[in-house]
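**Q** Quick one, fold the following:
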Amino acid sequence: MIRMSYRAVKMILQQIAAYRQGDLMKKFFAAVAITCGLAGVTQGAQAAGNVESASMNHMRGWACDPNSPLYQGQVMMYRDDGQWVGTAQINVAREAAVSNACGGGTIHGFDASWQVDPSLIDNKNHYVEFWYIGGQEMELTSSRRLLGFCQAVISPSGLCPTN
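**A** Next up, the predicted model:
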């Protein structure tokens with residue numbers, strides 16, 4: 001199994017964004033980088049966890065590496081364009097069911113808010129993914145979700161209004 005760090009995944013996401021916008025030469029090099037990078041992602045490890053709520057400036061849930069249940073890492077959120085959105089420290093005690101899913105320990109929760117980088121507010125909806133950063137970097141199982149990064153009033157669904 002080949003492991004990829006969240007930095008490598010970020011690079012791949014940036015290459016995908018460049019591919020979507022670039023000229024023919026940029027598209028060629030982006031396609032090569034994407035192909036080489038994705039070859040290592042297909043068999044990647046995934047952390048146990050659940051993102052219970054998320055917005056462009058907050059996330060709450062739990063995460064762990066079942067192979068290292070006592071390690072308290074952090075969770076990072078990235079957008080589909082490779083932009084880092086925020087980080088949460090794992091420092092909240094959780095219920096017995098979470099401890100069982102993690103193979104032990106009680107400190108597996110995270111709950112964090114942050115000031116959004118103004119450059120991220122592009123009035124678009126973006127898919128985001130959440131990565132557990134511990135002894136190794138792993139995507140949280142089924143973490144991908146659509147969030148709005150807009151200045152306007154966000155709909156009850158958490159997405160930017162569409163015209």
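**Q** Assign the residue most central in space within the chain to helix, strand or coil.
**A** Nearest to the geometric centre of the chain sits residue 130, at 2.3 Å (CA atoms, centre = their mean). Secondary structure for residue 130, judged by DSSP: H, G, I helix; E, B strand; the rest coil, is strand.
**Q** Pop out the phi and psi values for the nearest residue to residue 86 once chain neighbours are set aside.
**A** Of all residues not flanking residue 86 in the chain, residue 114 sits nearest, at 4.6 Å (CB to CB, 6 or more residues apart in numbering). Where you see a C-beta, it was placed from the backbone N, CA and C, and this is true even at glycine. Residue 114 adopts backbone torsions of phi -150, psi 160, taken as degrees, to the nearest 10.
**Q** residue contacts, the residue nearest to the centre of the chain?
**A** 49, 51, 54, 59, 61, 63, 75, 76, 77, 139, 140, 143 (CB atoms under 8 Å, 6 or more residues apart in numbering).
**Q** Just read off the phi/psi values of the last one.
**A** Which is residue 143. Main-chain dihedrals, residue 143, degrees, to the nearest 10: phi -90, psi -20.
**Q** Tell me if I'm right that it and residue 129 touch.
**A** Yes. Residue 143 lies in contact with residue 129 (CB atoms under 8 Å); the separation is 5.4 Å.
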